[in-house]
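In: next come a sequence and a model predicted from it.
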Amino acid sequence: MLKMITALLLAILPAAAFSADGFTYPGVLNGGVGSPAFDVNGDGSVLVGWGNDGAAGNAPRAFRWTQAGGLLSLGVLNGGTASYAYDVNADGSVAVGLATDGAAGNQNRAFRWTQAGGMVSLGVLNGGNSSEAYGVSGDGGVVVGWARDGAAGNATRAFRWTQAGGIVSLGILNGGAQSGAAAVNTDGSVVVGWAADGAAGGAQRAFRWTQAGGLVSLGVLNGGANSQGRGVNSDGNVVVGDAADGAAGGAQRAFRWTQAGGLVSLGAMNGGSMSSAKGVSSDGSVVVGEARDGAAGNTQRAFRWTQAGGLLSVEGWLRANGVTVPADITNSAKGVSADGSIVVGQLDSGPAFIARVSPVGSGLITLQELQGSLSANSAAPAQAASLGGLALHGAHSRPLARRVDAGKSCVWTSGDLGRDDHGSRDGEFGLAEIGGCHRFNAVVQGSLSVGRVASRQDLSEGGRSEVGATYGMAEVLANVPGTSLWPSLGLLYLGGEADARRGYLNAGARDSSNGRPGIETAALRARLDWEDAARLGAATITPYGEVSFARTRIVGYTETGGSFPARFDARTEDATELHAGADGGYKLSSRVKLLSRLEAAHRFEKSGAATSGQVLGLFSFTLPGQEVKRDWLRGGAGVDVKFGDGIVSAMLNATTQGADPSYWLNLGYQLAF
């Protein structure tokens, strides 16, 4: 099941970084254009597939991916032009597939790859011209597929390969013309596929092969014309596929075969015209595939079959288990979990889906929808970092405005209110602060403040992320004697909690899962102001520069509620920023001063924190940190008005993009005594 889910994830969501039990999307080969995945090993740590290799003119190359080694080409055979990996064994040490062999005129050759031996051709059958491998046993010791047999005029033959015996034909059925292997069970003792049956005029028959019994036809359904095996359960005692059913006028029907019961039709869906089985659970009790629904104009639907429930659409299975499914939307089921509780497939509209009935949650979700909701839930660290930056670069962006005379003290209160709508962000925020200062002498002044910040970001499908936190900030302002230079150093700590509601569509209806992680930010800022470096009448310009570092951490948490809750690992996001600009002032009178600001900012990090965790009951995931806007401008205009020993200030700020909010209004009052 992990193999099927991962392959679908990678095939349909190539921009995401998903995993099964820790596996992450591999990327591309040397700048190539794609890397479709075909299989993943038992614990999800090794992926195989093929990609267009940029270092080989975008020619196809089989690859193997691991967390430690990344994406590695498995190469080619003797200078051949292409290679493709289709299966991997349980521990990931053996990959199989096909490659063009340069030493054989670029004819296809089945290969088996190991770390020690590299890519090795499994050869051909009796001088035949090609071979291809499609399955490998759990221990990697058995490989199956098909090959052209030179002793049979290059007719196709199913083969089974072992190290001791090499590539061996599994034969034919009663003198039939051809055969091909599709799958092998866990220990390699049972192979299934299709073969032309000479005793049936060359008609196609599903077969099951064992060492003791050889290649044995599984027969047909009620005198039907053909059958083919597509899958086998773990111990090899249940085979599934499809066959023409003579009792249904030769219509195609999914079948399930056992030694005791033989080939048994799984029926049709409400009198529909066809059904076909694609996958089977480990114990063989659950079969999935696709079928035409006669009650819906013969529209194709994914099905799930059990002995007790019969052949049901996946939607019908979900409804029977209490899930609200507004409309039928599936097209086909491609795989089923070992215990039969999870089905994966594709919708009518194309996207891959996961459907399940589980104590953790029951429902159906597309992989795009799931990826989008998980990615959107990474908003909380960025929100907390933005709020910390607002206190650092917003409420405390004018350290000289807090300055008082030597021996004096001050108290102040201030607040910010605005919106943060840059890029995918869409929300509002607020800040309220009180503080005090004391000027120890002509050189040094210190200040302390505490405040509360809150932010809300609206997410997709009714989701939201609300962050509330309390912060404290200590700042030291000093004068370089004999100059107009004022360096300052500020230290901020912010702690609080996020209320994260991740919204998504469950079978077309809105659903959500919720969590309340803790959040904390620690930040340090060093700044230098050059007071009134330029004067023009009543106007002054004070240039400044500052560098800051902030680290935000969101505690790991597990969601509750909804059909697809997830566990999110702890995340840490760093933001190192350089701000440079100038504050302008213009005295209208002894009491009123107009203010202006123009600033450029640069963030050194290219992306935010990665998001990792596990969708409960399904698979692990790793989403790369979202790219950030690294450069932006800020402008501001405001006024200071003196009232006795106090000053009322107001400033409207706006930014072009980046980590800072879109726009906000700052209001404050400071009293010196």
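Out: Happy to help now that I have it.

In: so what does the lengthiest strand in the chain touch, helix or strand wise?
Out: Criterion DSSP state E: the longest strand present in the chain is strand 485-506. Applying 3 or more C-beta pairs under 8 Å, 6 or more residues apart in numbering; DSSP states H and E, we find strand 485-506 packed against strand 363-366, helix 367-376, helix 379-390, strand 464-478, strand 509-515, strand 518-530. Placement of C-beta: from N, CA and C, glycine included.

In: and the pLDDT at the nearest residue to V314 once chain neighbours are set aside?
Out: In this structure, V314 finds its nearest non-sequential neighbour in A302, 4.4 Å apart by C-beta to C-beta, 6 or more residues apart in numbering. Note for A302: predicted pLDDT of 96.

In: residues contacting G97?
Out: Residues in contact with G97 (C-beta atoms under 8 Å, 6 or more residues apart in numbering) are 48, 50, 62, 83-87, 110-111, 132-133.

In: the strands in the stretch 501-650 of the chain, which residues?
Out: 509-515, 518-530, 534-536, 539-554, 557-558, 566-568, 571-587, 592-603, 611-615, 620-623, 631-643, 646-655 (DSSP state E, counting those that start in this stretch).

In: hang on, G451 in a strand?
Out: Yes: with DSSP: H, G, I helix; E, B strand; the rest coil as the criterion, G451 is part of a strand.

In: dump stretch 421-440 to CSV, restricted to CA.
Out: Only the C-alpha atoms of stretch 421-440 are listed here, as CSV (Å, rounded to 0.1, in the frame of the first residue of the first chain):
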residue,chain,number,x,y,z
ASP,A,421,-1.9,40.3,2.6
HIS,A,422,1.4,39.7,0.8
GLY,A,423,1.6,36.7,-1.5
SER,A,424,-0.5,33.8,-0.2
ARG,A,425,-1.0,35.6,3.2
ASP,A,426,-4.5,37.0,3.9
GLY,A,427,-5.2,38.3,7.4
GLU,A,428,-5.1,41.0,10.0
PHE,A,429,-3.1,41.7,13.1
GLY,A,430,-2.8,43.9,16.2
LEU,A,431,-0.2,44.9,18.8
ALA,A,432,-0.5,46.7,22.1
GLU,A,433,2.5,47.7,24.3
ILE,A,434,3.5,49.6,27.4
GLY,A,435,7.0,50.5,28.4
GLY,A,436,9.4,52.7,30.3
CYS,A,437,12.8,54.1,30.0
HIS,A,438,15.5,55.8,32.1
ARG,A,439,18.5,58.0,30.9
PHE,A,440,21.3,57.1,33.2
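
In: chain center to it: distance?
Out: On the basis of C-alpha atoms, centre = their mean, to the nearest Å, stretch 421-440 sits 33 Å off its chain's mean C-alpha point.

In: cool, and stretch 227-236?
Out: 31 Å.

In: distance of S282 from S341?
Out: Going from S282 to S341 by C-beta to C-beta, to the nearest Å gives 11 Å.

In: then A85?
Out: From A85 to S341 the distance is 29 Å (C-beta to C-beta).

In: of these two, which one has the most company?
Out: A85 (27 against 18; other C-beta atoms under 10 Å).

In: pLDDT below threshold where in this protein?
Out: With pLDDT under 70 as the threshold, the chain has low-confidence stretches at 1-29, 31-45, 67-70, 378-379, 422-425, 658-659.

In: tell me, how many residues neighbour G430?
Out: So G430, with other C-beta under 10 Å, has 16 neighbours.

In: thought it was touching G415?
Out: Yes: using C-beta atoms under 8 Å, G430 is in contact with G415, at 7.2 Å.

In: tell me where the stretch 201-350 of the chain has strands.
Out: Using DSSP E, counting those that start in this stretch, the strands found in the stretch 201-350 of the chain span residues 203-210, 214-217, 227-232, 239-245, 251-258, 262-265, 275-280, 287-293, 299-306, 310-313, 330-336, 342-347.

In: hey, what's A183 bridged with?
Out: Applying DSSP bridges to A183 yields these beta-bridge partners: V192.

In: count of residues packed around it?
Out: Neighbour count for A183, taken as other C-beta under 10 Å: 21.

In: got it, and the one 10 residues further on?
Out: Using other C-beta under 10 Å, G193 is surrounded by 29 other residues.

In: ok, the one 5 residues further on next?
Out: When neighbours are counted by other C-beta under 10 Å, G198 registers 14.

In: now it. Nearest residue, chain neighbours left out?
Out: G175 (3.3 Å).

In: need the three-state assignment for the one you found.
Out: coil.

In: any idea how far G584 is from it?
Out: 96 Å.

In: with R419 instead?
Out: 25 Å.

In: ok so, going back, what angle do the longest strand of the chain and strand 464-478 make?
Out: 170 degrees (axes from the mean of the first three to the mean of the last three C-alpha atoms, to 10 degrees).

In: which parts of strand 485-506 are buried?
Out: Within strand 485-506, the residues that count as buried by 16 or more other C-beta atoms under 10 Å are 486, 488, 490, 492, 494, 496-498, 500-506.

In: name the strands paired with it and say parallel or antiparallel.
Out: strand 464-478 (antiparallel), strand 509-515 (antiparallel), strand 518-530 (antiparallel).

In: wait, which of those strands is closest to S217?
Out: In terms of C-beta to C-beta, the element of the strands paired with strand 485-506 nearest to S217 is strand 509-515, at 46.7 Å.

In: which residues does that closest one contact?
Out: 324-326, 363, 461-463, 498-505, 557-566, 568.

In: and the residue nearest to V314, what does it touch?
Out: Counted by C-beta under 8 Å, 6+ apart, A302 has contacts 288-290, 313-314, 330-333, 343, 345-346, 355.

In: what are the bridge partners for the nearest residue to L266 once chain neighbours are set aside, then?
Out: What sits nearest to L266 in space, not counting adjacent residues and going by C-beta to C-beta, 6+ apart, is A254, at 4.2 Å. Legend: beta-bridge partners of A254 under DSSP bridges are D242.

In: does A254 really touch A291, like I thought?
Out: Yes: the criterion here is C-beta under 8 Å, and A254 meets it with A291 at 6.9 Å.
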